[in-house]
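Visitor: Sequence first, predicted coordinates after that:
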Amino acid sequence: MLTIDTINKQFGQKQVLRDLSFNVRPGEMFGFCGANGAGKTTTMRIILGLLTADSGTVTWQDTPLTRAVRRTIGYMPEERGLYPKMRPVEQLAYFGQLHGLGSAQATRAAEQWLERLGVVMGPKDTIDKLSLGNQQKVQLAAALVHDPSILVLDEPFSGLDPVAVDALADGLLEKAKAGVPVIFSSHQLDLVERLCDSVGIINGGEMVATGTVEELRARESRKQLELTVTGAGAGWAAKLPHAIGAQENGNRALVTPDSPESAPAILTAAMQLGTVEQFGWKTPNLAEIFRGAVAA
């Protein structure tokens, strides 16, 4: 297990991380979510050893991360770190050798990952001749080419079309299924919700929510009811008792009750206003959970 335990980091007078803690199990996809400047990239750089925490620890399998362990980490930065005038195969083979692979082994791994990720290129194309999506795939291949023990990815899906997103997602899921812990940050919360086993939401350097999406949904304090009522007339949702908020759109409405126990009374009142075709608790998506967590 990769464990980040109460790490703190300060730059000058600014406290960037405050007692930040989370775990990522082998084979787990962990979505690291937060606004720009929340501390995601700083955390990743501390895991990689590019920055040193002021306090706290980062351990892998209950042992502090050594330089040798960090050499096995696959890292994908938000800003591409590729050489634009090199061909993808040559570049990936070079990165593989930096991680300790032999020349022939590195070349084979480079070719395999380029094929697996579906990189579209000509035989003599250099990186700068590739589309944005294909450059992003090569950047991911650079993180995968040495068969990493841990994957740390900073905004890997940024700016990609849906086809490229699916190709990258398949590559990450393949590594997770092989037992590799995967951490990736993203502002695309629908992707995080779809791909990740667990999620951490960071705000102002603090972890304000962590767990599976279902666990975060269960903790959501602002419960809403979804209703569809026909024949009730305009303004019907505002007439419901125990409602501290109502968003009406024709026959449909989202109603915030004053307590979960008020739901039966709201249903009874709705049945008196018209024909109830739908009634139930709304399932919040990750974007709604995120907004609630960072606003708290």
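Guide: Perfect, I can see it now.

Visitor: ranges for the strands of the chain?
Guide: With DSSP state E as the criterion, the chain has strands at 2-11, 14-24, 29-33, 55-60, 63-64, 73-76, 150-154, 182-185, 198-203, 206-211, 225-230, 243-249, 252-257, 275-281.

Visitor: which other residues reach stretch 237-246?
Guide: Contacts to stretch 237-246, defined as C-beta atoms under 8 Å, 6 or more residues apart in numbering, come from residues 227, 247-248, 253-259, 262, 265-266, 269-270, 273. Backbone N, C-alpha and C define where each C-beta goes, glycine included.

Visitor: on that earlier part again, and of the strands of the chain, who's closest to residue 115?
Guide: Closest approach to residue 115 among the strands of the chain (C-beta to C-beta): strand 73-76, 18.0 Å.

Visitor: Check which strands are paired with the closest one and give the direction for each one.
Guide: strand 150-154 (parallel) (DSSP bridges).

Visitor: returning to that earlier point: for the strands of the chain, give me JSON lines that also has mean neighbour count, mean pLDDT and distance to residue 49.
Guide: What follows is these, written out as JSON lines (neighbours: other C-beta atoms under 10 Å; pLDDT from 0 to 100; distance: least, C-beta to C-beta, whole Å):
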{"stretch": "strand 2-11", "mean neighbour count": "17", "mean pLDDT": "96", "distance to residue 49": "13"}
{"stretch": "strand 14-24", "mean neighbour count": "18", "mean pLDDT": "96", "distance to residue 49": "15"}
{"stretch": "strand 29-33", "mean neighbour count": "25", "mean pLDDT": "95", "distance to residue 49": "18"}
{"stretch": "strand 55-60", "mean neighbour count": "16", "mean pLDDT": "94", "distance to residue 49": "9"}
{"stretch": "strand 63-64", "mean neighbour count": "8", "mean pLDDT": "88", "distance to residue 49": "11"}
{"stretch": "strand 73-76", "mean neighbour count": "22", "mean pLDDT": "92", "distance to residue 49": "9"}
{"stretch": "strand 150-154", "mean neighbour count": "23", "mean pLDDT": "94", "distance to residue 49": "11"}
{"stretch": "strand 182-185", "mean neighbour count": "25", "mean pLDDT": "95", "distance to residue 49": "15"}
{"stretch": "strand 198-203", "mean neighbour count": "23", "mean pLDDT": "95", "distance to residue 49": "20"}
{"stretch": "strand 206-211", "mean neighbour count": "18", "mean pLDDT": "94", "distance to residue 49": "21"}
{"stretch": "strand 225-230", "mean neighbour count": "19", "mean pLDDT": "94", "distance to residue 49": "48"}
{"stretch": "strand 243-249", "mean neighbour count": "14", "mean pLDDT": "91", "distance to residue 49": "48"}
{"stretch": "strand 252-257", "mean neighbour count": "19", "mean pLDDT": "92", "distance to residue 49": "47"}
{"stretch": "strand 275-281", "mean neighbour count": "13", "mean pLDDT": "93", "distance to residue 49": "45"}
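
Visitor: okay, the ones you listed in a markdown table with distance to residue 138 next?
Guide: Converted to a markdown table, these look like this (distance: least, C-beta to C-beta, whole Å):
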| stretch | distance to residue 138 |
| --- | --- |
| strand 2-11 | 26 |
| strand 14-24 | 25 |
| strand 29-33 | 22 |
| strand 55-60 | 27 |
| strand 63-64 | 32 |
| strand 73-76 | 10 |
| strand 150-154 | 14 |
| strand 182-185 | 17 |
| strand 198-203 | 28 |
| strand 206-211 | 32 |
| strand 225-230 | 44 |
| strand 243-249 | 45 |
| strand 252-257 | 44 |
| strand 275-281 | 45 |
